[in-house]
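Enquirer: What follows is a predicted protein model with its sequence.
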Amino acid sequence: VLTQIVDLVRRDDANSRPQLEALTGLGRAVVNERLADGIELGVLEELEAMPTTGQRGRPSRTVRFRSDAGVVLSACLGAVSLHAAVSDLAGNPLGRAFRRINVADGPRPVLGSVQTLFRRLLARVDGDTAVWGIAIGVPGPVEFRTGRVVAPPIMPGWDGYDVRDHFYRRFGAPVWVDNEVNLMALGEWHRGEPREGRDLLYVKVSTGIGSGLVTGGQLHRGDSGAAGDIGHVRVTADRRVHCRCGKTGCLEAVAGGWALQQRLEAVAADGTSSALAKRLASHGHLEAEDIGLAVAEGDAVARSAVVHSARVTGQAIAGVVNFANPGTLVLGGGAIRHGPLFFEEFRKSVLEGAIELAARNLTIRQASLDFNEGTIGGSILAAENLLRPQALRLWLADGNPRVVAEQLQGAA
Ligand SMILES: [Zn+2]
């Protein structure tokens, strides 16, 4: 009964005693008793609403879920970037941090950086607040059920690494590990703008290319967690196009950031493009921003390379759009730093390749959360896994989910 009451209050379906009585069908005495339990456990609170002037009778009181009862930590790892955040139980960030990393350095140094940022973020929020859950997004395939990374093409040393256990040992809270693009898709579905609530396909084009699909408000992970890994679908039969995964002709080997960068660095070195040569000379390699600046300056070589990459990606995604029929398609990742050209060409190419019924009402937009969608999605994933009714039943009587951490992370 307490689980039901906490769930109704948290979802904002009820925020007063009479509403709780009506929705649960329970008598006033039982509702009062359970509310008192929830307040004593620290998960509910009751606030006096200010009486309106001239109103008679007792002031009304509202019941609220205490989203400050604990905090959740989330981290989103890209090939070369690490975003981390500490959030309340409603998924609102209380602090954020960013650091450049190289995921190829292996799990120990990289996860060490995550821990450092987590400790720093925790020091900035009220020191007494307990960590209730942790979500980690990694740029490779993850078996979601076990929290292990499986055969990641760009993460040497990570194969089979138990990321969940790594953080559980250090923080004693339940941990969920997912592919980083899945967390981004979840973040955009819940907090992105405009918020449409329709099935959402998120495509990340950065160093690599990946996607995440939210249907009916839930992530579609597939049978083992591999769903959405479109960077390694074959888009050309040309066997000279070698991919980082060991195969040939993959989408990201043709259109991903690393392939684009390699191609343009070669062009910059042989002098075909003076704009790119200038940037290559200034810091020894090219980044998404360099390519974007060359495009903005009207450099023909940079422009045609970006257009090609956007169109090939759009063609591949049109196939996914035909298959999954999302209502919203979001483009995120470093490619949106190339400026409007990539997005516009991508958009055109998707609409050309999609069937009429799938394209007709499709919203295509750019990611809207300033590169924080991964940590936002992570905090929501952790909070949902802690607070959904099946989870509440396991720990609510103790007032603290940490006591059943292993059960919680295994049940997700
Ligand atoms: Zn590949």
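Expert: Received the coordinates, thanks.
Enquirer: What helix or strand is the spatially most central residue of the chain located in?
Expert: Relative to the mean C-alpha position of the chain, the nearest C-alpha, by CA atoms, centre = their mean, is the one of residue 183, at 2.1 Å. Residue 183 is located in helix 180-191, with elements delineated by DSSP states H and E.
Enquirer: CA atoms only for that helix, dumped as PDB, please.
Expert: These are the backbone C-alpha positions of helix 180-191, laid out as PDB (Å, rounded to 0.1, in the frame of the first residue of the first chain):
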ATOM      1  CA  GLU A 180      26.000   6.000 -24.200                       C
ATOM      2  CA  VAL A 181      23.700   6.700 -27.200                       C
ATOM      3  CA  ASN A 182      20.800   4.900 -25.400                       C
ATOM      4  CA  LEU A 183      21.200   7.400 -22.500                       C
ATOM      5  CA  MET A 184      21.200  10.300 -24.900                       C
ATOM      6  CA  ALA A 185      18.000   9.100 -26.600                       C
ATOM      7  CA  LEU A 186      16.400   8.700 -23.200                       C
ATOM      8  CA  GLY A 187      17.500  12.300 -22.200                       C
ATOM      9  CA  GLU A 188      16.100  13.800 -25.400                       C
ATOM     10  CA  TRP A 189      12.800  11.900 -25.100                       C
ATOM     11  CA  HIS A 190      12.300  13.200 -21.500                       C
ATOM     12  CA  ARG A 191      13.700  16.700 -21.600                       C
END
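Enquirer: re the thing from before, my guess is the residue nearest to the centre of the chain meets residue 382, correct?
Expert: No. Counting by CB atoms under 8 Å, residue 183 sits too far from residue 382 to count as a contact (10.1 Å). Heads up, the C-betas are built off the backbone N, CA and C, glycines and all.
Enquirer: Would you mind listing the residues touching both of the two?
Expert: Overlap between the neighbourhoods of residue 183 and residue 382 consists of 74, 135, taking contacts as CB atoms under 8 Å, 6 or more residues apart in numbering.
Enquirer: so what's residue 337 up against?
Expert: 288-289, 292.
Enquirer: Could you tell me the model confidence score at it?
Expert: pLDDT, the model's per-residue confidence, is 80 for residue 337.
Enquirer: cool, residue 174 as well?
Expert: 97.
Enquirer: Quick check, it in contact with residue 403.
Expert: No. Shown here, residue 174 and residue 403 do not form a contact pair, counting by CB under 8 Å, at 10.4 Å.
Enquirer: Those two: who's more crowded?
Expert: When neighbours are counted by other CB atoms under 10 Å, residue 174 comes out ahead of the other of residue 174 and residue 403, with 30 against 14.
Enquirer: so how far is the ion from that one?
Expert: Here the criterion is CB to the ion, to the nearest Å. By it, residue 174 lies 33 Å from the ion.
Enquirer: ditto for residue 31
Expert: From residue 31 over to the ion the distance is 57 Å, taken as CB to the ion.
Enquirer: Which strand or helix spans that residue?
Expert: Going by DSSP H and E, residue 31 is part of helix 28-40.
Enquirer: Tell me which other helices or strands the helix or strand that that helix is followed by touches.
Expert: Toward the C-terminal end, the helix or strand that comes next after helix 28-40 (DSSP H and E) is strand 44-48. Under the contact criterion of 3 or more CB pairs under 8 Å, 6 or more residues apart in numbering; DSSP states H and E, strand 44-48 touches helix 2-10, helix 28-40, strand 61-65.
Enquirer: what's in contact with the second one?
Expert: Among residues not part of helix 28-40, those counted as contacts by CB under 8 Å, 6+ apart are 1-2, 5-6, 9, 17, 20-21, 24, 26, 44-46, 63.
Enquirer: which one is residue 120 nearest to, not counting chain neighbours?
Expert: In space, not counting the residues next to it along the chain, residue 120 is nearest to residue 97; the distance is 6.4 Å by CB to CB, 6 or more residues apart in numbering.
Enquirer: list the buried ones in the helix or strand containing the one you found?
Expert: Secondary structure here is read from DSSP H and E; on that basis residue 97 sits in strand 93-100. Taking 16 or more other CB atoms under 10 Å as the basis for neighbour counts, the residues of strand 93-100 that come out buried are 94-97.
Enquirer: Name the residues of the stretch 201-350 of the chain found near the ion, please.
Expert: Residues of the stretch 201-350 of the chain found near the ion, taking CB under 5 Å from the ion as the criterion, are 232, 243, 245, 247, 250.
Enquirer: re the thing from before, mind checking how far the strand holding residue 97 is from the chain centre?
Expert: The chain centroid and the centroid of strand 93-100 are separated by 14 Å, computed with CA atoms, centre = their mean, to the nearest Å.
Enquirer: Residue 23 and residue 12 touch, don't they?
Expert: No. No contact is recorded between residue 23 and residue 12 when judged using CB under 8 Å, the distance being 11.9 Å.
Enquirer: how near is residue 189 to the ion?
Expert: Residue 189 sits 27 Å away from the ion, taking CB to the ion as the criterion.
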